[in-house]
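>>> I would like to see how this sequence folds:
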Amino acid sequence: MSVEHSLLGKDTNYPTEYQPDILFPIARAQSRENYAHVEGIQQGKDWWHVFEISWLNHAGIPQVAIGRLTLPAASPNLIESKSLKLYFNSMNFTKFDSKDAFKATVEKDLSAAAGAPVTIDLFHADGVEVSEPEGFCIDELIPAQLENHPNAALLALDAAQDENIEVQFYSHLLRSNCPVTGQPDWGTVFIRYQGKKPSYESILAYIISYRQHNGFHEQCVEQIYADIWQNLKPEKLMVYAAYTRRGGLDINPCRVSDLTWMPRPIRLARQ
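Numbers count the residues shown, from 1 in each chain. Alright, predicted model coming up:
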């Protein structure tokens, strides 16, 4: 079923009874058609932070937590974000015997929607650490060319240097739009790279070119990963985007060519 049939962008009554069938899976296959052959495109994870989690304990007392979901990039489906928000809200008035019972229910329902095992870690309301970005920021560079839609032709190697390097850098300037509502999505994108030295100005220009692009978070990260992999031909690559929160959720997709480069999930101050 296509995303046009989802509740995204539509007026919705928030459910007050547990409603697992509200979860809306979206197949990943169609968005991957043009780069299904790219090494690592299905390798990595999507981490979600869920800030509006509440249920009732056995005595009917509300419980709250922050959740971190982990969806494998190899899952056949991603889960549409508004349906996920509504799903968690549907549990606000449902009793569970324990936190473990709540966790088991969530993992069962989300795994069914994603078509692969999904896990949730539950944290105290004050329990998620804010991390500092790792690497160096490229946002003060001045690209030679700017565009408003993704253009892989902007990507280039550093013509002045031919040595192999290993480096991690990031930009806070990632912006794209929800393909259904048109609402802007903001993020910090981290790139770990091993290979011929890239032109950092060209990569910044490429990141900025997403500013009017319509795409889900996961799809944008996979396109960034695929374009860098195919155009700069690194030996190893990691692309990880930490998107800011909308609707009580932030989404953090990560794709890697080498599983030894899988980072730990983080939460940035702007999230």
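
>>> Now do the helices in the stretch 101-250 of the chain.
When secondary structure is read from DSSP state H, counting those that start in this stretch, the stretch 101-250 of the chain shows helices at 200-208, 217-232.

>>> Would you mind putting those helices into a markdown table with distance to His124 alongside?
(C-beta placed from N, C-alpha, C; glycine too.) Written out in a markdown table, the entries for the helices of the stretch 101-250 of the chain read as follows (distance: least, C-beta to C-beta, whole Å):
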| stretch | distance to His124 |
| --- | --- |
| helix 200-208 | 34 |
| helix 217-232 | 26 |
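
>>> Out of those helices, flag the one nearest Leu173.
If you check each of the helices of the stretch 101-250 of the chain against Leu173 by C-beta to C-beta, helix 200-208 wins as the nearest, at 5.7 Å.

>>> Distance check, the residue nearest to Thr94 when sequence neighbours are not counted against Asn231.
Once its chain neighbours are removed from consideration, Thr94 has its nearest residue in Tyr18; the separation is 4.5 Å (C-beta to C-beta, 6 or more residues apart in numbering). Counting by C-beta to C-beta, to the nearest Å, the gap between Tyr18 and Asn231 amounts to 47 Å.

>>> Pipe the helices of the stretch 101-250 of the chain into TSV and attach mean pLDDT and distance to Pro72 per row.
As requested, those are arranged in TSV below (pLDDT from 0 to 100; distance: least, C-beta to C-beta, whole Å):
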stretch	mean pLDDT	distance to Pro72
helix 200-208	98	25
helix 217-232	97	12
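
>>> I'd like those helices as a markdown table, with mean neighbour count and distance to Glu129 appended.
Converted to a markdown table, those look like this (neighbours: other C-beta atoms under 10 Å; distance: least, C-beta to C-beta, whole Å):
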| stretch | mean neighbour count | distance to Glu129 |
| --- | --- | --- |
| helix 200-208 | 21 | 26 |
| helix 217-232 | 22 | 22 |
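
>>> Out of these, which gets nearest to Gln194?
Taking C-beta to C-beta as the criterion, Gln194 comes closest to helix 217-232 out of the helices of the stretch 101-250 of the chain, the separation being 10.9 Å.

>>> quick one: that closest one to chain centroid distance?
13 Å (C-alpha atoms, centre = their mean, to the nearest Å).

>>> now do stretch 23-31
Average the C-alpha atoms of stretch 23-31, do the same for its chain, and the two points are 14 Å apart (C-alpha atoms, centre = their mean).

>>> buried stuff in it?
Taking 16 or more other C-beta atoms under 10 Å as the basis for neighbour counts, the residues of stretch 23-31 that come out buried are 23-26, 28, 31.
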